[in-house]
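J.: sequence? don't have it. structure:
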C-alpha cells in the first residue's frame, strides 16, 4: 500500500504512471460499496469500463447530456426554493442535506422516469415515495453473505427472507409503474426519458433481448440506490 | 442504448462463467441466488455510481460551503453583492450567469479544497512493478491518493485551515482548477480514473450553491452553535447535518418560475 499525500506524488502516480495504475484492486468490492463510489468502480480498465463511461456520458454526465437535462435542474430547484420560502414563512429551520437529497433524487427520477420521487416536503405522501423510502432503508442492510459467499446459504441475518418479501411487493409496484409509463408514453413524444429508451430497445440488432424482467431489475436498482450499501455512514 | 444490451449480455456471461467454475459445492438454488445477487449488485453498482455519486458528494460540498459561510458571514455577503450586481434581485440565478460570477467560483474551489467529499479517493493497483522517485513499487501495490491532505498541504496552500476564497484571485493560485490537471486541487481524482461525473459535479455545485446564496439570507437557528466536526470515514461528512433559518431576498415573483 502506498499513499500519495503531496501534489508531486499525486502527479507522479496519476499522470506519469497513470496507465500502470489504471485498475482498481480486484477484491476491493466491499470497501468500495461503503464509499460514496465516485467512479465506475467495479469495472477493470478495458472495454466494459469504457462502455460504462460512454453510457453514463451519453445519458447523464457528458456536456451534451447535461445541457439536455438543464431544464430538470431549473424546475427541481424551483420546487426546492418554494419549499424553503414556505419554511421561512413558518419560521422553521431548513435541514440542508435533507433538502438537497430530495431535490437530487427528484432530478434522477425525472431523467429516468419523468417522475418525481419526493413531492415537496409537507404535502401528503404518496405510494410511490413510501415504497421507495421503504426499499431504500431496508436495502441498506449489510448482508454478510453478499461478501462471503461461503456463508451465504445460512442467511445469517435473515436478510434474504426479508428481501424476497420486499422484492415481491416491489415487483407489483414496478409492474404498475411500467404500465402507467407505457400508457402515458404519448405525453413524452419527442422527449423520451431513460425508461422510454429502454422500452424501445427491447429487441436490438443482435437479437439480444432486453426483457421486461431486465427492465424491472434495472428500475428497482435505480430507485433503491441512494442508500444501498451506503449503510450507516452518517448515523 | 445498444450498449446497455451489451452490458446485460456481459453480465450474463460473467454469471455463466461463475456458474461453471466456482461455487460448485453449493446446491443449485443457492447458487442461482448468489449469481443473481451478483448480477444485481453489478446493476446496483452501476446505477449507484451514476446517482449517489452525483448526489451525496455534491450535496456534501454544498452543505460544507454553506456552513463555512455561516461561520464567516463576510464571505456570504460578498458573494451576494457580486450576484446582485450581475443578476439583480428580480430573477433567479441561471447557469449562464456562472461564468460572470468569479467569487462564487472561488468559493466552490475553496470548498473542494478544504472539504473534498472522498478524502482518500478510490484505490488503484499497480499492474506492473515500477519506480517512483527512487522507490521501488512492487506489482500489485495498492495506491491511495490523500486528496484531503493535498488540499491542506502547508507547502502548497498558505494558511490551509482558513476558508479564504480570495486566495484563488492571487497570482499564485489563480490558474488552479479542480478538473484533474492541477495536482494541488484534485477533488475528483485525476488521470484515466478521474470521476466520471466531474463535469456534472462542478455544474451542480456551482448552480445549486449559487442559487441558494443568491435567493436567501442565511442564519443559524436561535441558540444553535455551528458544529464543524468532520466524520472522517470513507466519505467526509459533516458530523451534524447543517440546519439553518432562511429569509428570501429576491422579488417574490422570482421564486415562482
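T.: Thanks, I have the structure now. Nothing here was measured: the structure is a model prediction, and the numbers come from that model. Numbers count the residues shown, from 1 in each chain, chains lettered A, B, ... in the order given.

J.: Could you use CA atoms for every contact and neighbour count after this?
T.: Will do.

J.: And for residue B:169, nearest residue in space, chain neighbours not counted?
T.: residue B:106 (7.9 Å; Cα to Cα, 6 or more residues apart in numbering or on different chains).

J.: So that neighbour sits against residue B:165, correct?
T.: Yes. Between residue B:106 and residue B:165 there is a contact under Cα atoms under 8 Å: 5.0 Å.

J.: Have a look at these two and say which one is more surrounded.
T.: Neighbour count, other Cα atoms under 10 Å in any protein chain shown: between residue B:106 and residue B:165, residue B:106 has more, with 21 against 18.

J.: how about the more buried one, secondary structure?
T.: The local conformation at residue B:106, judged by DSSP: H, G, I helix; E, B strand; the rest coil, is helix.

J.: do you know how far the closest residue to residue B:216 other than its chain neighbours is from residue B:75?
T.: The shortest distance from residue B:216 to any non-neighbouring residue, by Cα to Cα, 6+ apart, is to residue B:248 (4.5 Å). Distance, residue B:248 to residue B:75, using Cα to Cα, to the nearest Å: 18 Å.

J.: and if you look at residue B:138?
T.: 47 Å.

J.: For the two, work out which one has more neighbours and name it.
T.: Using other Cα under 10 Å as the criterion, residue B:138 and residue B:75 rank with residue B:75 on top: 20 against 14.

J.: pLDDT of the one helix or strand the more buried one maps to, averaged?
T.: Using DSSP states H and E, residue B:75 maps to helix B:73-86. Taken as a whole, helix B:73-86 has an average pLDDT of 98.

J.: tell me which residues in that helix are buried?
T.: B:73, B:75-76, B:79-80, B:82-83 (16 or more other Cα atoms under 10 Å in any protein chain shown).

J.: so which of those residues comes closest to residue B:205?
T.: Distances from the buried residues of helix B:73-86 to residue B:205 were compared by Cα to Cα; the smallest belongs to residue B:79, at 14.7 Å.

J.: thought the closest one was touching residue B:102?
T.: No. Using Cα under 8 Å, residue B:79 is not in contact with residue B:102, being 9.2 Å away.

J.: Outline the domain layout of chain A.
T.: Per automatic domain parsing, the structural domains of chain A span A:18-66, A:69-124, A:125-235.

J.: re the thing from before, among the buried residues of helix B:73-86, which one sits closest to residue B:94?
T.: residue B:83 (11.0 Å).

J.: how about the nearest residue to the most centrally placed residue in chain B, chain neighbours excluded?
T.: Geometric centre of chain B, nearest residue: residue B:57, 4.1 Å, by Cα atoms, centre = their mean. Take residue B:57 and drop its neighbours on the chain: the residue closest to it by Cα to Cα, 6+ apart is residue B:117, 5.5 Å away.

J.: mind checking which helix or strand that neighbour is in?
T.: Here residue B:117 is assigned to no helix or strand, by DSSP H and E.

J.: ok, it to residue B:140 distance?
T.: 27 Å.

J.: Please identify which of those two sits among more neighbours.
T.: More neighbours surround residue B:117 than the other of residue B:117 and residue B:140, with 28 against 16 (other Cα under 10 Å).

J.: Now do that one, the pLDDT please.
T.: Predicted confidence (pLDDT) for residue B:117: 84.

J.: Next: residue B:243.
T.: pLDDT, residue B:243: 94.

J.: what sits against it?
T.: Applying Cα atoms under 8 Å, 6 or more residues apart in numbering or on different chains to residue B:243 gives the contacts A:93-96, B:220-221.

J.: What subset of those is buried?
T.: By 16+ other Cα under 10 Å, the contacts of residue B:243 give A:93-94, A:96, B:220-221 as buried.

J.: How many neighbouring residues does residue A:111 have?
T.: Other residues close to residue A:111 by other Cα under 10 Å number 19.

J.: Residue A:70 versus that one, what's the distance?
T.: From residue A:111 to residue A:70 the distance is 11 Å (Cα to Cα).

J.: now swap in residue B:60 and tell me
T.: 21 Å.

J.: more neighbours, those two?
T.: residue B:60 (23 against 13).

J.: now the strands for the stretch 101-250 of chain B?
T.: Along the stretch 101-250 of chain B, the stretches classed as strands by DSSP state E, counting those that start in this stretch are B:124-125, B:130-132, B:135-137, B:142-145, B:216-219, B:230-232, B:236-238, B:243-248.
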